[in-house]
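K.L.:
just a sequence and a predicted model for now, questions to come.
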Amino acid sequence: MYIKKILLAVALIGLLLMAGFAYFVYNAVFIPNTAFNNNEAHVYIPTGAKFSEVMEELRPLLEDPISFEAVANRKEYPQNIKSGHFIIKKGMNNNDIINSIRIGNIPISIKFNNQERLENLAGKLSKQLELDSLDFLKVFRNIDYLDKKGFTPDNALSMYIPNTYEIYWNISAKGFQDRMFKEYQSFWNESRTQKAAELNLSKTEVISLAAIVQKETAKVDERQRVAGVYINRLKRGMLLQADPTVIYSKKKLDKDFDQEIKRVLYKDLELDSPYNTYKYAGVPPGPITMPDITSIDAVLNFENHSYYYFVANVQNFGYHKFARTLSQHNRNKREYVAWISKQKVNR
(Lines give C-alpha, C1' and ligand atoms only; values in the text may rest on other atoms or scores of the structure.)
Protein backbone atom coordinates (compact mmCIF):
# COMPACT_ATOMS: atom_id res chain seq x y z
CA MET A 1 0.00 0.00 0.00
CA TYR A 2 2.80 2.36 0.94
CA ILE A 3 4.65 1.57 -2.30
CA LYS A 4 1.50 2.32 -4.32
CA LYS A 5 1.24 5.73 -2.69
CA ILE A 6 4.86 6.45 -3.53
CA LEU A 7 4.34 5.38 -7.14
CA LEU A 8 1.20 7.47 -7.35
CA ALA A 9 3.02 10.47 -5.95
CA VAL A 10 5.88 10.00 -8.43
CA ALA A 11 3.36 9.71 -11.25
CA LEU A 12 1.63 12.89 -10.19
CA ILE A 13 4.92 14.75 -9.93
CA GLY A 14 5.86 13.44 -13.35
CA LEU A 15 2.58 14.65 -14.79
CA LEU A 16 3.06 18.04 -13.21
CA LEU A 17 6.58 18.25 -14.59
CA MET A 18 5.37 17.21 -18.01
CA ALA A 19 2.54 19.74 -17.84
CA GLY A 20 4.99 22.41 -16.77
CA PHE A 21 7.37 21.49 -19.57
CA ALA A 22 4.52 21.44 -22.07
CA TYR A 23 3.41 24.85 -20.83
CA PHE A 24 6.98 26.17 -21.19
CA VAL A 25 7.29 24.73 -24.69
CA TYR A 26 3.93 26.18 -25.69
CA ASN A 27 4.89 29.60 -24.38
CA ALA A 28 8.34 29.45 -25.94
CA VAL A 29 7.13 28.32 -29.33
CA PHE A 30 3.59 29.56 -29.88
CA ILE A 31 3.02 32.65 -27.70
CA PRO A 32 3.58 36.01 -29.52
CA ASN A 33 7.08 37.32 -28.83
CA THR A 34 7.36 40.73 -30.50
CA ALA A 35 8.07 43.94 -28.62
CA PHE A 36 7.44 46.59 -31.31
CA ASN A 37 4.30 48.62 -31.94
CA ASN A 38 4.46 48.90 -35.72
CA ASN A 39 2.81 46.31 -37.92
CA GLU A 40 6.19 44.96 -38.98
CA ALA A 41 9.90 45.29 -38.33
CA HIS A 42 12.72 45.02 -40.89
CA VAL A 43 15.74 42.90 -40.06
CA TYR A 44 19.02 42.97 -42.01
CA ILE A 45 21.36 40.02 -41.48
CA PRO A 46 24.82 40.49 -43.04
CA THR A 47 26.59 37.81 -45.05
CA GLY A 48 28.56 35.51 -42.73
CA ALA A 49 26.82 36.78 -39.58
CA LYS A 50 27.18 34.77 -36.37
CA PHE A 51 24.22 33.93 -34.17
CA SER A 52 25.38 36.49 -31.59
CA GLU A 53 25.16 39.18 -34.29
CA VAL A 54 21.68 38.03 -35.26
CA MET A 55 20.62 38.21 -31.62
CA GLU A 56 22.03 41.73 -31.36
CA GLU A 57 19.83 42.72 -34.27
CA LEU A 58 16.74 40.94 -32.94
CA ARG A 59 16.96 41.58 -29.19
CA PRO A 60 15.27 45.04 -29.26
CA LEU A 61 12.40 43.50 -31.24
CA LEU A 62 11.70 40.58 -28.88
CA GLU A 63 9.63 40.46 -25.72
CA ASP A 64 11.53 37.42 -24.46
CA PRO A 65 14.97 36.96 -26.11
CA ILE A 66 15.79 33.97 -23.89
CA SER A 67 12.87 31.87 -25.12
CA PHE A 68 13.66 32.84 -28.70
CA GLU A 69 17.25 31.72 -28.31
CA ALA A 70 16.10 28.39 -26.83
CA VAL A 71 13.75 27.72 -29.76
CA ALA A 72 16.38 28.85 -32.27
CA ASN A 73 18.87 26.35 -30.86
CA ARG A 74 16.21 23.64 -30.87
CA LYS A 75 15.53 24.31 -34.57
CA GLU A 76 19.31 24.43 -35.30
CA TYR A 77 19.01 27.94 -36.66
CA PRO A 78 22.51 29.04 -35.46
CA GLN A 79 23.99 26.45 -37.84
CA ASN A 80 21.87 27.62 -40.80
CA ILE A 81 21.90 31.42 -40.71
CA LYS A 82 20.85 33.10 -43.96
CA SER A 83 21.82 36.64 -44.90
CA GLY A 84 19.38 39.14 -46.34
CA HIS A 85 16.47 41.44 -45.60
CA PHE A 86 13.66 39.90 -43.58
CA ILE A 87 10.35 41.11 -42.19
CA ILE A 88 8.94 40.18 -38.79
CA LYS A 89 5.27 40.94 -38.28
CA LYS A 90 3.74 42.09 -35.03
CA GLY A 91 2.40 39.19 -32.96
CA MET A 92 4.65 36.53 -34.49
CA ASN A 93 5.76 33.71 -32.19
CA ASN A 94 9.30 32.39 -31.98
CA ASN A 95 8.62 29.63 -34.48
CA ASP A 96 7.22 32.10 -37.04
CA ILE A 97 10.12 34.51 -36.49
CA ILE A 98 12.72 31.81 -37.07
CA ASN A 99 10.95 30.61 -40.20
CA SER A 100 10.79 34.18 -41.47
CA ILE A 101 14.50 34.89 -41.05
CA ARG A 102 15.46 31.49 -42.39
CA ILE A 103 13.67 31.44 -45.75
CA GLY A 104 12.01 34.84 -46.18
CA ASN A 105 14.69 36.99 -47.85
CA ILE A 106 12.65 39.85 -49.33
CA PRO A 107 13.84 42.31 -52.02
CA ILE A 108 13.98 46.01 -51.20
CA SER A 109 13.18 48.96 -53.43
CA ILE A 110 16.25 50.93 -54.45
CA LYS A 111 16.53 53.95 -56.71
CA PHE A 112 19.27 56.06 -58.21
CA ASN A 113 19.47 58.96 -60.63
CA ASN A 114 21.53 62.03 -61.54
CA GLN A 115 24.87 60.41 -60.63
CA GLU A 116 27.81 62.07 -62.38
CA ARG A 117 30.23 59.14 -62.27
CA LEU A 118 30.48 55.47 -61.43
CA GLU A 119 32.00 56.53 -58.11
CA ASN A 120 28.83 58.44 -57.23
CA LEU A 121 26.62 55.53 -58.27
CA ALA A 122 28.65 53.11 -56.15
CA GLY A 123 28.35 55.44 -53.18
CA LYS A 124 24.60 55.76 -53.67
CA LEU A 125 24.17 51.99 -53.81
CA SER A 126 26.30 51.38 -50.71
CA LYS A 127 23.77 53.39 -48.71
CA GLN A 128 20.95 51.10 -49.82
CA LEU A 129 22.55 47.66 -50.18
CA GLU A 130 24.89 45.52 -48.08
CA LEU A 131 28.15 46.03 -49.99
CA ASP A 132 30.35 49.11 -49.70
CA SER A 133 31.14 51.44 -52.58
CA LEU A 134 34.57 49.91 -53.33
CA ASP A 135 32.99 46.48 -53.87
CA PHE A 136 30.66 47.95 -56.48
CA LEU A 137 33.25 50.20 -58.10
CA LYS A 138 35.73 47.37 -58.64
CA VAL A 139 33.11 45.41 -60.58
CA PHE A 140 31.77 48.45 -62.46
CA ARG A 141 35.26 49.20 -63.80
CA ASN A 142 36.03 45.67 -64.97
CA ILE A 143 37.46 46.22 -68.45
CA ASP A 144 36.84 42.67 -69.69
CA TYR A 145 33.17 42.85 -68.72
CA LEU A 146 32.71 46.29 -70.29
CA ASP A 147 34.39 45.21 -73.51
CA LYS A 148 32.29 42.06 -73.69
CA LYS A 149 29.07 44.05 -73.28
CA GLY A 150 30.06 46.78 -75.74
CA PHE A 151 30.97 49.58 -73.31
CA THR A 152 34.09 51.59 -72.57
CA PRO A 153 35.35 53.06 -69.28
CA ASP A 154 34.09 56.45 -70.52
CA ASN A 155 30.53 55.38 -71.26
CA ALA A 156 30.14 52.59 -68.64
CA LEU A 157 27.68 54.76 -66.69
CA SER A 158 25.28 54.41 -69.64
CA MET A 159 24.52 50.83 -68.61
CA TYR A 160 22.69 51.94 -65.47
CA ILE A 161 19.24 53.25 -66.40
CA PRO A 162 17.91 55.33 -63.48
CA ASN A 163 14.74 53.89 -62.05
CA THR A 164 13.30 52.13 -59.01
CA TYR A 165 14.24 48.46 -58.81
CA GLU A 166 13.37 45.52 -56.56
CA ILE A 167 16.76 44.14 -55.49
CA TYR A 168 17.90 41.70 -52.83
CA TRP A 169 19.71 43.67 -50.12
CA ASN A 170 22.59 41.16 -50.03
CA ILE A 171 23.05 40.91 -53.80
CA SER A 172 26.65 40.64 -55.01
CA ALA A 173 28.20 43.48 -57.00
CA LYS A 174 28.46 41.20 -60.04
CA GLY A 175 24.86 40.10 -59.58
CA PHE A 176 23.76 43.73 -59.46
CA GLN A 177 25.74 44.58 -62.60
CA ASP A 178 24.27 41.63 -64.49
CA ARG A 179 20.76 42.67 -63.41
CA MET A 180 21.36 46.23 -64.62
CA PHE A 181 22.60 45.02 -68.00
CA LYS A 182 19.37 43.02 -68.39
CA GLU A 183 17.40 46.17 -67.49
CA TYR A 184 19.47 48.12 -70.04
CA GLN A 185 18.62 45.58 -72.74
CA SER A 186 14.95 45.71 -71.76
CA PHE A 187 14.94 49.51 -71.85
CA TRP A 188 16.37 49.53 -75.36
CA ASN A 189 13.34 47.95 -76.96
CA GLU A 190 12.76 47.79 -80.69
CA SER A 191 11.15 51.24 -80.84
CA ARG A 192 13.94 53.07 -78.98
CA THR A 193 16.63 51.19 -80.89
CA GLN A 194 15.06 52.13 -84.22
CA LYS A 195 14.79 55.80 -83.24
CA ALA A 196 18.46 55.86 -82.24
CA ALA A 197 19.41 54.35 -85.60
CA GLU A 198 17.35 57.01 -87.40
CA LEU A 199 19.39 59.65 -85.58
CA ASN A 200 22.57 57.85 -86.68
CA LEU A 201 23.55 57.59 -83.01
CA SER A 202 24.53 54.59 -80.95
CA LYS A 203 22.63 53.82 -77.74
CA THR A 204 25.46 55.16 -75.61
CA GLU A 205 25.66 58.31 -77.75
CA VAL A 206 21.94 58.89 -77.21
CA ILE A 207 22.49 58.62 -73.45
CA SER A 208 25.51 60.97 -73.62
CA LEU A 209 23.44 63.53 -75.51
CA ALA A 210 20.55 63.04 -73.09
CA ALA A 211 22.94 63.78 -70.23
CA ILE A 212 23.64 67.20 -71.77
CA VAL A 213 19.92 67.85 -72.17
CA GLN A 214 19.41 66.85 -68.54
CA LYS A 215 22.04 69.33 -67.36
CA GLU A 216 20.73 72.11 -69.60
CA THR A 217 17.16 72.10 -68.30
CA ALA A 218 15.37 70.78 -65.26
CA LYS A 219 12.05 71.39 -66.98
CA VAL A 220 10.80 68.08 -68.37
CA ASP A 221 8.41 69.85 -70.75
CA GLU A 222 11.33 71.71 -72.36
CA ARG A 223 13.70 68.81 -72.87
CA GLN A 224 12.44 67.77 -76.31
CA ARG A 225 12.96 71.30 -77.57
CA VAL A 226 16.49 71.48 -76.14
CA ALA A 227 17.22 68.06 -77.63
CA GLY A 228 16.01 69.37 -80.99
CA VAL A 229 18.61 72.15 -80.85
CA TYR A 230 21.45 69.67 -80.42
CA ILE A 231 20.07 67.35 -83.10
CA ASN A 232 19.96 70.31 -85.48
CA ARG A 233 23.57 71.16 -84.68
CA LEU A 234 24.71 67.58 -85.23
CA LYS A 235 22.91 67.37 -88.56
CA ARG A 236 24.52 70.60 -89.68
CA GLY A 237 27.98 69.59 -88.50
CA MET A 238 28.15 72.32 -85.88
CA LEU A 239 29.89 72.02 -82.53
CA LEU A 240 27.42 71.26 -79.74
CA GLN A 241 28.94 74.04 -77.59
CA ALA A 242 27.18 72.88 -74.43
CA ASP A 243 28.26 74.69 -71.26
CA PRO A 244 27.61 71.64 -69.02
CA THR A 245 30.30 69.73 -70.92
CA VAL A 246 32.77 72.52 -70.13
CA ILE A 247 31.88 72.33 -66.44
CA TYR A 248 32.35 68.56 -66.51
CA SER A 249 35.68 68.96 -68.31
CA LYS A 250 36.95 71.36 -65.67
CA LYS A 251 35.88 69.07 -62.82
CA LYS A 252 37.53 66.10 -64.50
CA LEU A 253 40.77 67.94 -65.28
CA ASP A 254 40.90 69.38 -61.75
CA LYS A 255 40.03 65.94 -60.30
CA ASP A 256 37.51 67.72 -58.14
CA PHE A 257 33.88 66.84 -58.73
CA ASP A 258 32.80 68.55 -55.53
CA GLN A 259 33.47 72.05 -56.82
CA GLU A 260 30.46 74.19 -57.66
CA ILE A 261 30.61 76.12 -60.93
CA LYS A 262 27.72 78.48 -61.63
CA ARG A 263 29.28 80.42 -64.48
CA VAL A 264 31.40 79.28 -67.42
CA LEU A 265 34.23 81.70 -68.25
CA TYR A 266 35.65 82.31 -71.73
CA LYS A 267 38.97 80.77 -70.71
CA ASP A 268 37.12 77.57 -69.75
CA LEU A 269 36.04 77.12 -73.37
CA GLU A 270 39.68 76.36 -74.23
CA LEU A 271 40.01 73.44 -71.82
CA ASP A 272 41.57 70.52 -73.67
CA SER A 273 39.23 67.67 -72.89
CA PRO A 274 37.33 65.32 -75.22
CA TYR A 275 34.25 66.22 -73.15
CA ASN A 276 34.57 69.91 -74.07
CA THR A 277 32.08 70.34 -76.90
CA TYR A 278 33.41 73.82 -77.64
CA LYS A 279 36.64 72.20 -78.89
CA TYR A 280 35.64 68.71 -80.00
CA ALA A 281 32.90 67.90 -82.49
CA GLY A 282 30.16 65.38 -81.99
CA VAL A 283 28.81 63.75 -78.85
CA PRO A 284 31.21 63.40 -75.88
CA PRO A 285 32.80 59.96 -75.29
CA GLY A 286 30.51 59.33 -72.34
CA PRO A 287 27.67 60.86 -70.32
CA ILE A 288 28.46 63.86 -68.10
CA THR A 289 25.75 62.67 -65.73
CA MET A 290 23.18 59.90 -65.49
CA PRO A 291 20.19 61.20 -67.49
CA ASP A 292 16.61 60.51 -66.49
CA ILE A 293 14.51 58.33 -68.76
CA THR A 294 12.60 61.50 -69.67
CA SER A 295 15.82 63.02 -71.03
CA ILE A 296 16.71 59.90 -73.01
CA ASP A 297 13.23 59.78 -74.52
CA ALA A 298 13.43 63.54 -75.19
CA VAL A 299 16.41 62.90 -77.47
CA LEU A 300 14.73 59.97 -79.19
CA ASN A 301 11.54 62.01 -79.62
CA PHE A 302 13.14 65.43 -80.11
CA GLU A 303 11.06 68.42 -81.16
CA ASN A 304 11.42 69.06 -84.87
CA HIS A 305 12.09 72.80 -85.22
CA SER A 306 14.60 75.23 -86.73
CA TYR A 307 16.26 76.51 -83.56
CA TYR A 308 20.04 76.33 -83.27
CA TYR A 309 20.62 78.39 -80.13
CA PHE A 310 19.18 78.92 -76.66
CA VAL A 311 20.01 80.79 -73.48
CA ALA A 312 18.46 81.05 -70.03
CA ASN A 313 15.26 83.08 -69.91
CA VAL A 314 15.61 85.66 -67.13
CA GLN A 315 11.90 86.51 -67.39
CA ASN A 316 10.85 82.90 -66.89
CA PHE A 317 13.43 81.25 -64.66
CA GLY A 318 14.14 77.59 -65.37
CA TYR A 319 13.20 77.93 -69.03
CA HIS A 320 15.15 79.19 -72.03
CA LYS A 321 14.83 81.57 -74.98
CA PHE A 322 15.40 79.86 -78.32
CA ALA A 323 16.75 81.44 -81.49
CA ARG A 324 17.04 80.48 -85.13
CA THR A 325 19.86 82.89 -85.98
CA LEU A 326 23.08 83.88 -84.27
CA SER A 327 22.14 87.56 -84.25
CA GLN A 328 18.85 86.79 -82.47
CA HIS A 329 20.71 84.56 -80.03
CA ASN A 330 23.27 87.25 -79.29
CA ARG A 331 20.49 89.67 -78.34
CA ASN A 332 19.05 87.08 -75.96
CA LYS A 333 22.51 86.32 -74.63
CA ARG A 334 23.28 89.99 -73.87
CA GLU A 335 20.16 90.12 -71.76
CA TYR A 336 21.26 87.04 -69.82
CA VAL A 337 24.85 88.25 -69.36
CA ALA A 338 23.61 91.58 -68.05
CA TRP A 339 21.38 89.81 -65.56
CA ILE A 340 24.01 87.36 -64.30
CA SER A 341 26.59 90.15 -63.99
CA LYS A 342 24.12 92.10 -61.90
CA GLN A 343 23.86 89.07 -59.61
CA LYS A 344 27.65 89.24 -59.20
CA VAL A 345 28.13 85.59 -60.09
CA ASN A 346 31.79 85.36 -61.02
CA ARG A 347 32.24 81.57 -60.97
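P.N.:
Everything's here; your move.
K.L.:
count of residues packed around the closest residue to K333 other than its chain neighbours?
P.N.:
Nearest residue to K333 in three dimensions, chain neighbours excluded: V311, at 5.0 Å (Cβ to Cβ, 6 or more residues apart in numbering). Where you see a C-beta, it was placed from the backbone N, CA and C, and this is true even at glycine. By other Cβ atoms under 10 Å, 19 other residues sit near V311.
K.L.:
ok, V311 touching N332?
P.N.:
Yes. Counting by Cβ atoms under 8 Å, V311 does reach N332; the two are 4.9 Å apart.
K.L.:
other SSEs contacting the helix or strand harbouring F136?
P.N.:
Using DSSP states H and E, F136 sits in helix 133-140. Helix 133-140 sits against helix 118-126, helix 173-187, with contacts defined as 3 or more Cβ pairs under 8 Å, 6 or more residues apart in numbering; DSSP states H and E.
K.L.:
so what touches the shortest one?
P.N.:
Counting by Cβ atoms under 8 Å, 6 or more residues apart in numbering, the neighbours of helix 118-126 from elsewhere in the structure are 110, 112, 115, 131-137, 140-141, 156-157, 160, 176, 257, 290.
K.L.:
what of stretch 305-314?
P.N.:
216, 225-226, 228-229, 232-233, 236, 238, 319-326, 328-329, 332-333, 335-336, 339.
K.L.:
what about that stretch, how long is it end to end?
P.N.:
22 Å (Cα to Cα, to the nearest Å).
K.L.:
neighbours of P65, how many?
P.N.:
Neighbours of P65 using other Cβ under 10 Å come to 17.
K.L.:
run a quick neighbour tally on the spatially closest residue to D243 that is not a sequence neighbour.
P.N.:
Leaving aside its sequence neighbours, D243 sits nearest to V264 (Cβ to Cβ, 6+ apart; 4.7 Å). Neighbour count of V264, defined by other Cβ under 10 Å: 18.
K.L.:
let me see the ranges of the helices in the stretch 201-347 of the chain.
P.N.:
203-216, 223-236, 243-254, 293-300, 326-342 (DSSP state H, counting those that start in this stretch).
K.L.:
which stretch in the ones you listed has the least confidence?
P.N.:
Per-stretch mean pLDDT for these is lowest at helix 326-342 (a mean of 89).
K.L.:
now the residue nearest the centre of the chain: phi and psi?
P.N.:
Relative to the mean C-alpha position of the chain, the nearest C-alpha, by Cα atoms, centre = their mean, is the one of F112, at 2.8 Å. Per-residue torsions, F112: phi -150, psi 140 (degrees, to the nearest 10).
K.L.:
make 51 the starting number, not 1.
P.N.:
From this message on, residue numbering opens at 51, which makes the last subject F162.
K.L.:
quick one: which of the helices and strands packed on helix 183-190 is nearest A85?
P.N.:
helix 168-176 (30.3 Å; Cβ to Cβ).
K.L.:
angle of the closest one against helix 183-190?
P.N.:
Orientation note: helix 168-176 sits at an angle of 130 degrees relative to helix 183-190 (axes from the mean of the first three to the mean of the last three Cα atoms, to 10 degrees).
K.L.:
list the buried ones in helix 168-176?
P.N.:
For helix 168-176, the neighbour count (16 or more other Cβ atoms under 10 Å) marks 168-176 as buried.
K.L.:
again, but for stretch 178-196
P.N.:
Buried, per 16+ other Cβ under 10 Å, within stretch 178-196: 179-181, 183, 185-187, 189-190, 192, 195-196.
K.L.:
can you get me a residue count around A120?
P.N.:
Quick note: A120 (other Cβ under 10 Å) scores 16 neighbours.
K.L.:
ditto for the one 5 residues further on
P.N.:
K125 is flanked by 16 other residues according to other Cβ under 10 Å.
K.L.:
for it, grab phi and psi.
P.N.:
According to degrees, to the nearest 10, K125 has phi -90, psi 10.
K.L.:
surely it meets I148?
P.N.:
Yes. If you go by Cβ under 8 Å, K125 and I148 touch, sitting 5.5 Å apart.
K.L.:
low-confidence ranges, this structure, go.
P.N.:
51-80, 394-397 (pLDDT under 70).
K.L.:
dump the residue contacts of I156.
P.N.:
134-137.
K.L.:
need the buried ones from these selected in ChimeraX.
P.N.:
To isolate the buried members of the contacts of I156 in ChimeraX, using 16+ other Cβ under 10 Å:
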select :134,135,136
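K.L.:
strands along the stretch 101-250 of the chain, start to end?
P.N.:
134-139, 158-161, 214-217 (DSSP state E, counting those that start in this stretch).
K.L.:
ok, back up a step: okay if I get the helices and strands packed on helix 183-190 as CSV plus distance to P324?
P.N.:
CSV is the format used below for the helices and strands packed on helix 183-190 (distance: least, Cβ to Cβ, whole Å):
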stretch, distance to P324
helix 168-176, 17
helix 223-237, 23
